[in-house]
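Enquirer: okay, here's the prediction I keep looking at, along with the sequence it came from:
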Amino acid sequence: MPMTDLSPSPMGRRRVLLAGSAAAAAIGIGAGTAAARPESAAASDTAAGSAATGTTTAAGTRGTAAICTLTKELTEGPYYLDHALVRADVAEDKKGVPLELVLTAVDTATCAPLNKALVEIWYCDALGEYSGFVGNNGHQEPDNGKFLRGGVLTGTDGVAKLTGIYPGWYRGRCVHVHLKVHTGVTLTPDGSFTGGNEIHTGQLFFDEKITEAVAKLSPYSTNTVPRTPLSADGIYGNGGTAAGLLAVTALGSTPSAGYRGTLTVGVDPDA
């Protein structure tokens with residue numbers, strides 16, 4: 001039976017801060033922001049935008065004061081592999097809609113950007129298969145154990161930029177990307193990292209209207225597993241807010257052109 005990640009994280013007593021765009025602007029980051037309201041409120045902000053070309057507007061972006069929302073960490077799930085890969089492009093040869101992630105790590109106490117934090121992601125492909133676990137979602141394909149996994153160091157601005165493909169889905173979960181933040185790591189000549197401290201484990205989520213548009217395209221349309229919408233996802237719902245929702249903008253005039261997701265993630269460097 002396939003593994004699931006529907007149960008809440010046993011680790012989660014640390015909390016993370018997701019800073020609104022006003023907070024990001026105050027420290028000169030200029031990154032996109034997470035939604036700071038429950039999903040129903042955030043959805044009303046995005047309803048006017050086109051799924052093909054629109055922007056997922058995060059709550060609080062029109063405010064003049066810094067807005068910060070605290071939320072629990074989310075479960076690591078069963079598909080994490082400790083490969084410690086350091087690379088900005090995680091797609092390899094995977095087919096799908098292009099995705100850019102611009103993630104800004106900041107200190108919760110000061111909202112100052114974290115320099116040289118290792119931001120790591122992993123997620124499933126268009127058919128809902130994770131590298132190292134291909135077949136768990138009912139599709140057979142080559143498995144090198146590494147696709148859609150990797151991470152990069154932030155710069156002095158706290159920003160980590162990664163590219164890949166828009167995620168697919170597997171049974172019981174909405175579309176999402178897993179996230180870890182490490183500090184104090186050492187890069188190695190073989191393209192990986194060692195040591196350091198893992199200070200955050202979380203997940204990133206996408207506006208449902210954008211996911212609906214992407215799901216109609218190949219190869220996503222060949223995924224035979226029913227898709228769980230954002231509103232019905234147990235992990236997203238357990239957080240109680242839309243704080244993990246990416247601010248998403250289109251890279252072109254059609255869904256196939258791809259999307260950019262941005263988020264400012266505040267962590268406790270001493271966690």
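Expert: That came in fine, so what should we check first? Numbers count the residues shown, from 1 in each chain.

Enquirer: quick one: residue 121 from residue 111, how far?
Expert: According to CB to CB, to the nearest Å, residue 121 stands 22 Å off from residue 111. Using the backbone N, CA and C atoms, a C-beta is placed for each residue, glycine as well.

Enquirer: likewise for residue 123?
Expert: Using CB to CB, residue 123 is found at 27 Å from residue 111.

Enquirer: so which of the two has more stuff around it?
Expert: Set side by side, residue 123 and residue 111 give different neighbour counts by other CB atoms under 10 Å, the larger being at residue 123 (26 against 19).

Enquirer: distance of the more buried one relative to residue 201?
Expert: 14 Å.

Enquirer: shared neighbours of these two, anything?
Expert: residue 178 (CB atoms under 8 Å, 6 or more residues apart in numbering).

Enquirer: by mean pLDDT, flag the weakest helix or strand of this structure.
Expert: When the helices and strands of the chain are scored by mean pLDDT, DSSP states H and E, helix 39-46 comes last with a mean of 34.

Enquirer: check contacts around residue 186.
Expert: Contacts of residue 186 by CB under 8 Å, 6+ apart are 193, 194, 195, 196.

Enquirer: nearest spatial neighbour of the first one, skipping sequence neighbours?
Expert: The shortest distance from residue 193 to any residue that is not its chain neighbour, by CB to CB, 6 or more residues apart in numbering, is 4.2 Å, and that residue is residue 185.

Enquirer: low pLDDT regions in the chain?
Expert: Along the chain, the model assigns pLDDT under 70 to residues 1-72, 238-243.

Enquirer: restricted to buried residues, select the contacts of residue 186 in PyMOL.
Expert: Only the buried entries of the contacts of residue 186 go into this PyMOL selection, using 16 or more other CB atoms under 10 Å:
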select buried, resi 193
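
Enquirer: of the contacts of residue 186, closest to residue 163?
Expert: residue 193 (18.8 Å; CB to CB).

Enquirer: doesn't residue 86 make contact with the closest one?
Expert: Yes - Residue 193 lies in contact with residue 86 (CB atoms under 8 Å); the separation is 5.4 Å.

Enquirer: overlap in contacts, these two.
Expert: Common neighbours of residue 193 and residue 86 (CB under 8 Å, 6+ apart) are 118, 151, 187.

Enquirer: now the buried members of those residues.
Expert: 118, 151.

Enquirer: among the shared contacts of residue 193 and residue 86, name the ones in strands.
Expert: Applying DSSP state E to those, the entries found in strands are 118, 151, 187.
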